[in-house]
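J.: model this:
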Amino acid sequence: MSWVTIVWSMNAAACLTLATIYLLVWSKQRERWAYLVLSCNAVAGAALTAFELWLLRAQSAEEYAEILRWTQLPVWSLIVTLVVFVRLYLGAGRLWLAWSVCGARTLALILNLIFIPNLSYRQITGLRQVSWWGGETVAVPVGVTNPWILVAQLSLLLLVIFFVDATITAWRRGDRQRALVVGGALIFSSVIAIGQGVLVVWGIIELPFLACFSYLGLIAAMGYEVSIDMLHRAKLSRQLQASEADLYEARERMELAANAADLGMWMWDIPRDEIWITDKGRALFGFEASEKVELDRFKDVLHPEDRQRVLEALENTLRTGADYEAEYRVMLPQGQLRWIAGRGQVEFDRDGQPVRLRGAALDITKRKQAEEQFGVGVEASPSALIMVNTEGSITLVNTQAEAIFGYTRQELIGRQIETLVPERFRSHHMEYRHGYFGDARARPMGAERELFGLRKDGTEVPIEIGLNPIHTAEGLLVLASIIDISERKQAELDAARQRSEMAHLSRVTTLGELSGSLAHELNRPLGAILSNAQAAQRMLANGGIDVAEFREILNDIVSEDKHAAEVIRRLRLWLQKGEVQHHSLRINKVVRDVLKLIRTDLISQNVRVDTALAGNLPTVTGDPVQLQQVLVNLMVNACDAMADCDTWERRLRIRTGLENGGGPVIVSVTDRGCGIQVKEVEQMFEPFFTTKAKGMGLGLSVCRTIITAHRGKLWATNNPDRGATFHFTLPKDASAKPRTDN
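T.: Model prediction:
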């Protein structure tokens with residue numbers, strides 16, 4: 001057997017193997033029609049391979065023409081099944097294009113059967129035996145091309161366009177792996193096969209027809225992708241089975257959770273008058289485990305005083321469709337009474353008739369005991385009420401507690417009380433809880449501490465809690481009375497803002513006093529200048545001038561004028577930004593001068609100032625008045641931050657030293673406020689900062705400008721525990737020597 005025969009036979013065998021595999025897969029998954037179409041396509045590919053091998057072994061022109069005539073049948077099957085497969089598997093490709101391809105190819109098949117010898121050639125004049133592939137001799141046709149072959153070639157062109165359109169659609173839809181593997185293989189293989197066939201028919205190249213090789217690559221790519229799809233479906237099937245197992249387990253857990261919360265789940269089949277109820281529900285009502293429960297049996301366990309009210313609630317639900325709600329007592333076999341809260345919803349059929357009533361029953365005996373002991377309805381209480389047992393499990397919740405924390409009572413009953421405690425407090429809360437049960441008495445919780453509750457949505461609410469122990473037959477319980485103090489806190493913040501505004505007015509008064517003192521200082525030299533000028537005027541008017549006395553008067557005027565000019569210069573520097581006047585100065589002295597200046601303001605705001613002024617600091621070059629402005633602004637802003645935060649620890653700390661132990665001189669102002677936000681820090685260092693950042697006050701842009709003019713830098717950091725610190729540095733005066741009298 002020759003190599004050509006072996007290779008083509010293997011090609012056909014591979015196609016038939018794939019056809020068998022996908023036929024078996026389809027037989028197991030009948031809804032997956034793409035697998036059946038792919039199997040038929042592989043059979044057509046095997047037939048095409050056999051016909052091509054037959055053509056290679058043809059002995060005469062007449063035999064070659066006849067074989068080529070019938071080769072159009074597997075070609076037609078191959079093209080039509082490819083179109084159907086793409087539509088089924090990729091779910092893409094314009095329908096009119098698909099019909100155009102199939103229609104054109106069917107027309108080509110009909111013309112092929114009409115024309116003699118076939119659609120490809122008008123006449124095959126002979127066969128040329130060419131040496132090919134390892135010395136094998138194969139037949140290549142020589143003849144006149146039939147122009148009607150253009151119909152078949154048009155169908156092939158439409159087929160390529162259809163493949164491209166389907167691939168683009170699948171890619172844009174997001175199904176990119178299928179588009180890349182299947183669509184790419186279809187386009188590439190069809191272009192190769194079509195191009196080679198066209199060139200052979202029109203006599204451009206002398207080669208046999210070799211479409212089977214391109215098709216083998218195509219069927220391999222499609223088979224690979226379909227196999228991946230089958231594996232994915234098998235994985236999804238396993239996941240579905242696992243999900244069903246998880247669902248069953250979840251149902252079991254739900255029933256366990258319902259049991260833990262004393263919830264009895266039930267369903268009343270109204271037409272058949274049968275009540276299904278969980279084991280926990282049977283225990284709540286005192287039913288036997290195997291006892292058949294009907295509506296009459298349910299009526300029997302109701303307390304006579306509550307029976308009519310419960311039946312009226314049931315009747316109203318069945319008539320109007322409203323939710324069923326009722327609280328009632330049931331009589332247990334041992335003669336005990338148990339309070340039950342029942343909730344349910346009714347289901348109707350298409351005719352509007354009630355068919356099922358589903359619901360749950362909750363033991364509320366403890367709540368009723370608490371109402372009896374405190375003489376107030378738990379639901380009517382304006383405070384949130386939550387009852388907890390010694391294990392920390394919630395056993396009772398009222399409506400106000402639901403409103404504050406955002407949970408339903410069904411969600412809270414049975415949970416640990418730490419569910420309502422913010423994460424950062426939980427470990428300590430458990431210790432406090434165990435300690436309270438060791439010495440249970442009525443008292444407020446967390447005296448002198450701020451308490452917060454955790455809502456269902458993750459937000460926190462400030463609260464106050466009162467604890468009351470209740471001794472019952474089931475053991476010690478604690479009833480917590482909880483009050484939402486958000487409005488009170490807001491009122492306190494409003495009061496703090498008012499105090500802050502008063503502090504601002506106080507600072508304005510301080511600046512007024514400062515201006516007044518400067519004006520008083522200015523009044524003396526101006527008065528002396530006026531008095532001396534009047535004396536000189538009288539001397540000139542009298543005509544008798546004592547030169548020595550007149551010179552003394554003029555010297556006094558000049559001296560007082562210099563004094564006045566200095567006072568005015570200082571006032572100008574405080575009221576507006578002027579040019580920096582560089583002097584060699586001690587930064588510790590600047591700090592002390594500022595503390596003296598605003599001492600009254602600090603006392604009125606109850607702010608304590610601690611200082612840590614380093615000794616042996618080198619002098620700096622700068623303007624003392626402008627540096628005082630910087631310190632005053634930073635200290636005033638720090639006071640504002642503590643007032644806005646309403647912190648009880650109103651303390652400032654002023655430090656001086658060398659940055660990193662040997663750098664420029666650094667000054668730090670630390671407060672105990674609420675700190676600053678990152679956005680505020682970014683705003684503070686904007687080049688043209690003009691707005692007021694919350695908690696930082698006015699003047700920061702002026703401070704930054706002044707420090708920059710002094711060749712220093714200004715920045716802010718949040719403290720690790722509380723508050724913020726503003727720092728600024730000043731370069732050392734290189735010409736001065738360190739001293740010890742800072």
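
J.: skip the chain neighbours and tell me the closest residue to residue 444.
T.: residue 466 (5.5 Å; C-beta to C-beta, 6 or more residues apart in numbering). Placement of C-beta: from N, CA and C, glycine included.

J.: looks to me like that neighbour is in a strand.
T.: Yes: residue state for residue 466 (DSSP: H, G, I helix; E, B strand; the rest coil) corresponds to a strand.

J.: my read is that it contacts residue 478, right?
T.: No: Residue 466 lies out of contact with residue 478 (C-beta atoms under 8 Å); the separation is 10.5 Å.

J.: coming back round to it: and the gap between the residue nearest to residue 444 and residue 17?
T.: 82 Å (C-beta to C-beta, to the nearest Å).

J.: circling back: which of residue 466 and residue 478 has more neighbours?
T.: residue 478 (22 against 14; other C-beta atoms under 10 Å).

J.: ok, now how distant is that one from residue 642?
T.: Applying C-beta to C-beta, the value for residue 478 to residue 642 is 37 Å.

J.: likewise for residue 88?
T.: 74 Å.

J.: which one's more surrounded, the two?
T.: Comparing residue 88 with residue 642 by other C-beta under 10 Å, the one with more neighbours is residue 642, at 27 against 15.

J.: mind checking the SS state of the more buried one?
T.: Quick answer, by three-state DSSP: residue 642 is helix.

J.: what helix or strand is the spatially closest residue to it that is not a sequence neighbour located in?
T.: Among residues not flanking residue 642 along the chain, residue 673 sits closest, at 4.5 Å (C-beta to C-beta, 6+ apart). Assigned by DSSP states H and E, residue 673 belongs to neither a helix nor a strand.

J.: so for residue 673, what's the pLDDT?
T.: Listed pLDDT for residue 673 reads 84.

J.: what's it sitting at in phi/psi?
T.: The phi and psi values for residue 673, taken as degrees, to the nearest 10, are phi -80, psi -150.

J.: residue boundaries of the strands in the stretch 251-400 of the chain?
T.: Assigned by DSSP state E, counting those that start in this stretch, the strands in the stretch 251-400 of the chain fall at 263-269, 274-277, 324-331, 337-348, 354-363, 384-389, 394-397.

J.: helix or strand right after the worst-scoring helix or strand of the chain on mean pLDDT?
T.: When the helices and strands of the chain are compared on mean pLDDT, DSSP states H and E, helix 678-684 comes out lowest with a mean of 51. Sequence-wise, the next helix or strand downstream of helix 678-684 (DSSP H and E) is helix 700-709.

J.: picking that back up, pick the most buried one from the strands of the stretch 251-400 of the chain.
T.: Across the strands of the stretch 251-400 of the chain, averaging neighbours per residue (mean count of other C-beta atoms under 10 Å) puts strand 394-397 on top, at a mean of 24.

J.: which strands and helices lie in contact with it?
T.: Strand 394-397 sits against helix 365-374, strand 384-389, helix 409-412, with contacts defined as 3 or more C-beta pairs under 8 Å, 6 or more residues apart in numbering; DSSP states H and E.

J.: touching that strand from outside, list them.
T.: 364, 366-367, 370, 378, 385-389, 407, 409, 412-417, 419, 477, 479 (C-beta atoms under 8 Å, 6 or more residues apart in numbering).

J.: show me which of the residues you listed are buried.
T.: Those of the contacts of strand 394-397 that meet the buried threshold are 364, 366-367, 370, 378, 385-389, 407, 409, 412-417, 477, 479, by 16 or more other C-beta atoms under 10 Å.
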